[in-house]
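Asker: quick one: sequence plus predicted model below, questions after.
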Amino acid sequence: MIIKINIVEVSSKLAEDKVNEELNFNQKMIYNEVSADETNYTEKAQKIFDEWYDCYYEFLLNLEKI
């Protein structure tokens, strides 16, 4: 069976889940002040997100080659 996914969206969602898990869903540790237009990760949360995003993206991209 072939399943088509958007690798960017899936990697982002999985990385976001890891940020929440690693920072115990502590919103103050995860997000900077929220404005009406955008929400930004704290520096620590962004680092966690980036690391996991890269990991998931590469993993999914390599599956495509199988």
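Answerer: Nice, thanks for sending it over. Here the structure is a predicted model, which means the values were calculated and not measured.
Asker: mind checking which residue lies nearest the centre of this structure?
Answerer: residue 15 (2.4 Å; CA atoms, centre = their mean).
Asker: so residue 5 touches residue 63, yeah?
Answerer: No - counting by CB atoms under 8 Å, residue 63 is not a contact partner of residue 5; they are 9.8 Å apart. The C-beta positions use only the backbone N, C-alpha and C, and glycine is treated the same way.
Asker: got the contact list for the residue nearest to residue 44 when sequence neighbours are not counted?
Answerer: In this structure, residue 44 finds its nearest non-sequential neighbour in residue 29, 6.8 Å apart by CB to CB, 6 or more residues apart in numbering. With contacts defined as CB atoms under 8 Å, 6 or more residues apart in numbering, residue 29 is in contact with 23, 42, 44, 45.
Asker: please, which helix or strand holds residue 29?
Answerer: Per DSSP states H and E, residue 29 falls inside helix 27-30.
Asker: averaged pLDDT, that helix. What do you get?
Answerer: Average pLDDT, helix 27-30: 93.
Asker: list the buried ones in that helix?
Answerer: For helix 27-30, a neighbour-count test (16 or more other CB atoms under 10 Å) marks residue 30 as buried.
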